[in-house]
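Colleague: Need a 3D model of the following:
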Amino acid sequence: MTPFKKTILFIHRWLGFISGLVVFIVSITGCIFCFQDEIQDAIHDYRKVEVQNKPYIAPSILKTEALKGRKGATASYIYYYGIGRPAGVLVNDKKEGLLYVYQNPYTGKITHTESPTSNFFIIVEYIHLYLLLPANIGGMVVGVSVIIFVVLMITGIVLWWPKRKTDRKRSLTIKWGGRWRRVNYDLHNVLGFYATSVAIILAITGLSIAFDWVREGIYATANLGKAHPEEKAVFKSDSLLKGKVDTTQIINKAYLAARAGSPNAEMFLIYDDEAKAGAVGVTAYAKALHYYKSDSYTFDKYSGKLLNRTAHEQKSPGMKMNNMNYDIHVGQILGLPGKIIAFLASLICASLPITGFIIWLGKRKKSKTKKVKTVVHRRTVRQHLPADR
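Modeller: Below is the predicted model:
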């Protein structure tokens, strides 16, 4: 091995020790989360409703029903998840904390209420994002570990790269008939090579969730450095109208306007900012439970006036890239095949710290054995040497 590759191996090995446990946890939880929608649809009846030939009831009714009997509670987020799916209201209750209140979107009847801390897949998501640590600490630990993992993937490719073209075929296959240590070695190198391109994409999209500077970097790169100040503008309501007008129907008006503006959208998110100058935002998603293609609307919370509309087609490449971040990260940007690819890549990533550690243990034991044999050999030779006269 050349001095260069010895240096790369040293870096690869110690970075693996530093980040291995976190990479394993993040990767294995990523595997589990890939198919969370499909699994939850299969096991939870409340995620489905009978489709009725009539429009959804108004968001104000959903909000009122969700807050009924919860004194002092607030609800800023209202979801219409799509045809055949429930509506949901995110309630912030002083006693019980955050609650998801699911309702029939045609009748307003509450079908299920749950705390995020009781949903298995939300817990898995929190582990994936924060290791169940405080968000600012856990997010940093995960983010730094993922950055290290990207370096590991690059150094791994350098170490794997065969010297001769004739060795490439051997380097791309696993020798299943070999000894278990050889199979483990091939699993680490060959599967690592095949997973690298997908794993780096998953890592970058994950870093975009963890760090604003990554998200801004993707935005700037996709836009080729061109600024789009209109996309970062913050719109505010006319706070002078507070208390002078009846605002109870504003979210209904905003929802209907967004529905008319995006008639083919399947899913809607309504956000009612509680701040004095806050606005009502509505996001219309083209496909249920997919977040890439969407139109966004902003309304004055007192007058209902449309302050801004940004259609998907009007968005810059950078904004589109950031909007598709989640769908890329879980693989659903390519549908079921994409989820399978993301699942397999995450599973391989989870195996790499294990197979790598086994390789290191094997080499360590081999090194100790060589030392013992050398010492024994020297002693034996000395015993047979003639004595000095």
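Colleague: hey, where'd the strands end up in the stretch 251-389 of the chain?
Modeller: Per DSSP state E, counting those that start in this stretch, the stretch 251-389 of the chain carries strands over the ranges 267-272, 279-285, 294-300, 306-310.
Colleague: helix/strand/coil for residue 213?
Modeller: helix (DSSP: H, G, I helix; E, B strand; the rest coil).
Colleague: Quick one, which of the strands of the stretch 251-389 of the chain gets closest to residue 131.
Modeller: strand 267-272 (27.7 Å; CB to CB). For every residue, glycine as well, the C-beta is placed using N, CA and C.
Colleague: Can you dump the C-alpha atoms of the closest one in PDB for me?
Modeller: The C-alpha trace of strand 267-272 is given here as PDB (Å, rounded to 0.1, in the frame of the first residue of the first chain):
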ATOM      1  CA  MET A 267     -53.500  18.100  -0.200                       C
ATOM      2  CA  PHE A 268     -53.700  21.500   1.600                       C
ATOM      3  CA  LEU A 269     -51.900  22.900   4.600                       C
ATOM      4  CA  ILE A 270     -53.400  26.000   6.300                       C
ATOM      5  CA  TYR A 271     -51.200  27.900   8.700                       C
ATOM      6  CA  ASP A 272     -52.700  30.600  10.800                       C
END
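Colleague: in its sheet, what does that strand sit against?
Modeller: strand 74-80 (antiparallel), strand 279-285 (antiparallel) (DSSP bridges).
Colleague: Out of those strands, which is the most enclosed?
Modeller: Per-stretch averages of neighbours, counted by mean count of other CB atoms under 10 Å, single out strand 279-285 among those, with a mean of 24.
Colleague: which other residues reach that strand?
Modeller: 235-237, 250-251, 254-255, 257-259, 261-262, 265-273, 291, 293-301, 307 (CB atoms under 8 Å, 6 or more residues apart in numbering).
Colleague: distance between that strand and the chain's centre?
Modeller: 22 Å (CA atoms, centre = their mean, to the nearest Å).
Colleague: Secondary structure element holding residue 195?
Modeller: Secondary structure from DSSP states H and E places residue 195 in helix 192-210.
Colleague: Can you pull out the residues in contact with that helix?
Modeller: Helix 192-210 is contacted by residues 26, 30, 129, 139-140, 142-143, 146-147, 149-150, 153, 156-157, 160, 171-172, 214-215, 218, 322, 325-326, 328-329, 341-342, 344-346, 348-349, 352 when judged by CB under 8 Å, 6+ apart.
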